[in-house]
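S.K.: below are the sequence and a predicted model; questions follow.
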Amino acid sequence: MLYRVEGIVIRSMDYGEGNKIITLCTENGGKVGVLVRGAKKAKSRHAALTQPFTYGEYVFFRNQGLGTLNQGEIIESHHLLREDIIKAAFASYACELLDRVLQDDETGTFWFKQLKACLGALQEDKDPAIIIHLYEMKILQSTGYAPELQACISCGRERPDEEYFISPGLGGVLCRACKHFDPPAMNITPRALKLLRLFSALDLQRLGNISVREETKAEIKVIMRAFMDQQLALKLKSRHFLDQMEKYGL
């Protein structure tokens with residue numbers, strides 16, 4: 001059967017001497033694997049369609065399993081992301097994270113729109129850390145692990161922001177009276193809590209310019225890392241690379 005989809009390349013790998021297999025996050029068909037014959041050859045007319053982060057229209061034959069590309073057209077190459085090591089690292093993390101959580105048979109509309117918005121924001125030079133943490137929040141929400149940030153996850157009571165701790169293990173904020181249910185629960189400043197609530201309510205497609213203090217960004221990074229580790233427990237090569245970049249001051 002012949003398919004025509006709009007999709008974003010979230011993974012690209014060599015296959016054989018001259019071919020590539022790409023994984024697309026599509027708007028209406030979920031996650032799809034497509035074989036692109038001859039993509040590694042210098043004069044291949046399809047080579048550009050296999051580049052990571054490329055958003056395009058793909059036409060392929062598929063009975064079951066892997067499809068085979070017939071033709072395609074680039075809508076947005078996102079070449080600026082591939083030319084900047086920092087942007088490329090964050091974009092790779094966004095794509096790998098989505099690849100790991102999105103199952104082949106899942107509808108991809110929401111995921112597609114969030115990834116498209118994420119890559120667009122990175123290309124527009126918005127703060128990559130803020131973009132990625134907002135994107136992570138959308139991932140947590142869509143996988144059913146959205147943190148409870150309004151009331152205590154244990155007793156259900158709303159308290160002043162100054163009285164909350166944050167518990168990645170239990171999945172939300174804890175009041176002082178319930179702190180004993182998770183002794184390792186982390187301190188959280190009211191400023192960071194408000195930012196997390198903003199992440200929870202805001203759609204990436206509506207992200208404007210957000211100015212965040214460096215100390216708040218550092219706090220949010222620790223908290224979001226803990227939530228991703230506790231709730232999804234994914235080991236991602238791209239995140240390790242981001243950590244290495246930070247370690248060496250890139």
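M.R.: Thanks, I have the structure now.

S.K.: which residues touch the residue nearest to residue 48 when sequence neighbours are not counted?
M.R.: Distance criterion Cβ to Cβ, 6 or more residues apart in numbering; nearest residue to residue 48, sequence neighbours excluded, is residue 74 at 6.1 Å. Any C-beta I mention is one placed from the backbone N, CA and C, and that applies to glycine too. Shown in contact with residue 74 (Cβ atoms under 8 Å, 6 or more residues apart in numbering): 48, 49, 54, 55, 56.

S.K.: distance of residue 74 from residue 125?
M.R.: 22 Å (Cβ to Cβ, to the nearest Å).

S.K.: outline the domain layout of this protein.
M.R.: Split into domains by automatic domain parsing, the chain comes to 2-77, 82-247.

S.K.: which helix or strand contains the residue most central in space within the chain?
M.R.: Taking Cα atoms, centre = their mean, the centroid of the chain lies closest to residue 94, which sits 3.3 Å from it. Under the criterion of DSSP states H and E, residue 94 resides in helix 85-101.

S.K.: show me what that helix is packed up against.
M.R.: Contacts defined by 3 or more Cβ pairs under 8 Å, 6 or more residues apart in numbering; DSSP states H and E place helix 85-101 against strand 2-15, strand 19-26, helix 79-82, helix 109-123, helix 128-142, helix 237-247.

S.K.: may I see the buried residues of it?
M.R.: Under the neighbour-count criterion of 16 or more other Cβ atoms under 10 Å, helix 85-101 has 87, 88, 89, 90, 91, 92, 93, 94, 95, 96, 97, 98 buried.

S.K.: which one of those sits closest to residue 202?
M.R.: Checking the buried residues of helix 85-101 against residue 202 by Cβ to Cβ gives residue 94 as the nearest, at 16.3 Å.
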